[in-house]
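J.: With the input below, show me the fold.
(one chain, ligands or ions: 1)
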Amino acid sequence: MNTKIRTRFAPSPTGFVHIGSLRTALFSFLFARHNNGAHILRVEDTDQSRKVEGALENLLRVMKTVGVEFDEGFYLIDDGGVGLPTDLSPEVLTKGEASAKVGERGEFAPYLQSKRLALYQKHAKELVEKGHAYYCFCSKERLDELHKEQIALKKPSMYDRLCRNLSDDEVKDKLAEFSLANKNPVIRQAIPLEGETVIHDLIYGEITYEHKILDDQVILKSDGFPTYHLAVVVDDHYMKITHVIRGEEWIPSTPKHLLLYKFFGWEPTEFAHLPLILNPDKSKLSKRQGDVAIEDFLKHGYLPEALINFVAFLGWNPKNEKEIFSMDELIADFDLAKVNKAGAVFDDNKLDWFNSQYIKKMSPDELAEKLKPFWQQANIDAKNYSNAYLAAIAELEQERLKKLSEIGERTGYFFKTTDYGPDLLVWKKSDKAKTKAVLSDLFGLLDKFNETDFKKESLETKIKKFIVEKKYDNGSALWPLRVALTGLTSSPGPFEVASVLALGLGKKEVLERIKAALAKLD
Ligand code: GLU
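T.: Next up is the predicted model:
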């Protein structure tokens, strides 16, 4: 029987979810689902000083919005674990950081590293006993000094292994001394002095690390917390993870992890490191909030589906022409063999393109529904207007809209008249007197129309016929009409705008706006 595929997303709860972390979570989710495996959410909070309150709940909300699911680990209680296809019920939980908002479930709980300290301590000690780790009693001052010297000599900053060479008796004495002073030594991994470790990465292939360049890094700190390296290996082993999928910045840590697996006598997981995400100028994508926070993208009106589609293409592609993928299609097509090694460029224009594709695919009603909060954000009380009106406005902008947050600025004139100067009404090849004459003629014409004439096609036919009869030209007639209705230099054409305005606010609104324009010209 084949082993069940198990992947994990293992964030540190240090802040917002950025593009890079979403990409990692998405790829491990897609890989798990594609293989009918399980996706686990483990929280790596070994650095307590960097912990941010509410980060886990926030992460769960973002993941829920974009549709990345977890079968084990944490879930949102108000959600009841919905969308988490698993037979484990929420009752099996709460060994870890369960709170009013976040629950925990799964047979390997707790999934929060700070709740698993005893396990790491046990294994650190086991390594000491086997000679693959050792106590280090060096003071911070000594280590700082060493670090400075190495920098001055342009040498890599590594521990000089002073404590690795202590005799058993010396260790015993030092331990007693520390214990009297109520202090704990740290434990360091004893990297073999010779030889090499080869990573067989599913994306990068074989990567060889000579042991002599690896540092004897701390695996257990003096406060009893493990460092990342120990915790990640112990947890991936006990949580039966089969595939570790993470950013390529973790490649240099992987030989240390492989050595830990070897010393524990455990079968290592498979590793797949994902390529860097780059700015268009090929520099490394910054993690500054606002630049890459998923929440900010959502706030700016990028649709979750478009974001996922875009993020999926950061390093992966189906090796064919197809670009638009739903989550289900991504699950069906996802393959680590189609992930590139080369850095993936984060291109804003591409994101806008994906977003506009998803905007175009919606029905006007659906789009209007999604636009409501964005109108609200622009101080437009959309709920005071009919859904038919909102959908007609949405439809008018649907082809042009790149993100939903543009809607207030683009369509404000449908809700409030805009203030503009009389000069804007005058077409460049016309003058004030002529503009006034045209507008008052148009007023007379439209005044006679009944409500059904206010359909775009019928307005267009009748007004164009009228322009010909009156020997006006299109520019001098249609420009002021459009400005009278919108107050803007650029907008959709006058027939569309008039028909939508009449639909939502009645023929009288159209006439009033023309009247107001005429008053400006007096
Ligand atoms: N806690 C690490 C992070 O914050 C996880 C790295 C890994 O997946 O091994 O990225």
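
J.: just checking, residue 5 touches residue 36?
T.: Yes: taking CB atoms under 8 Å as the definition, residue 5 is a contact partner of residue 36 at 7.3 Å. In this view, the C-beta of every residue, glycine as well, is placed from N, C-alpha and C.

J.: the more surrounded of those two?
T.: Comparing residue 5 with residue 36 by other CB atoms under 10 Å, the one with more neighbours is residue 5, at 18 against 8.

J.: Report the separation between the residue nearest the centre of the chain and residue 62.
T.: Centroid-nearest residue in the chain: residue 294, 3.3 Å away (criterion: CA atoms, centre = their mean). Shown here: residue 294 relative to residue 62, a distance of 5 Å by CB to CB, to the nearest Å.

J.: Name the residues contacting each of the two.
T.: Common contact partners of residue 294 and residue 62 (CB atoms under 8 Å, 6 or more residues apart in numbering): 17, 22.

J.: Looking at the residue of the stretch 251-400 of the chain found nearest the ligand now. What's its pLDDT?
T.: In the stretch 251-400 of the chain, no residue comes nearer to the ligand than residue 253, which is 7.5 Å away by CB to the nearest ligand atom. Residue 253 is assigned 98 on the pLDDT scale.

J.: what about it, how many neighbours?
T.: Residue 253 is flanked by 16 other residues according to other CB under 10 Å.

J.: roughly how far out does the lowest-mean-pLDDT helix or strand in the chain sit from the chain middle?
T.: Sorted by mean pLDDT, DSSP states H and E, the helices and strands of the chain end with strand 102-105, the least confident at a mean of 86. Mean C-alpha position of strand 102-105 versus that of the full chain (CA atoms, centre = their mean, to the nearest Å) differs by 22 Å.

J.: Each with direction, which strands does that strand pair with?
T.: Counting by DSSP bridges, the strands paired with strand 102-105 are strand 73-76 (antiparallel).

J.: For the partner strand, the averaged confidence score.
T.: In this model, strand 73-76 carries a mean pLDDT of 90.

J.: to the chain's geometric centre, what's the distance from it?
T.: Taking CA atoms, centre = their mean, one finds strand 73-76 lying 18 Å from the centre of the chain it belongs to.

J.: Dump it to CSV, restricted to CA.
T.: Coordinates of the C-alpha atoms in strand 73-76 are reproduced here as CSV (Å, rounded to 0.1, in the frame of the first residue of the first chain):
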residue,chain,number,x,y,z
GLY,A,73,-4.2,21.8,12.7
PHE,A,74,-6.1,24.9,13.3
TYR,A,75,-9.5,26.1,12.1
LEU,A,76,-11.9,29.0,12.6
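
J.: Buried ones in stretch 407-426, by neighbour count?
T.: For stretch 407-426, a neighbour-count test (16 or more other CB atoms under 10 Å) marks 407-408, 410-415, 417, 420, 422, 424-426 as buried.

J.: Could you list which of those belong to helices?
T.: Helix and strand membership here follows DSSP state H; of those, those in helices are 407, 408, 410, 411.

J.: Can you tell me which of those is closest to the ligand?
T.: Proximity of those to the ligand, judged by CB to the nearest ligand atom, is greatest for residue 407, which lies at 35.9 Å.
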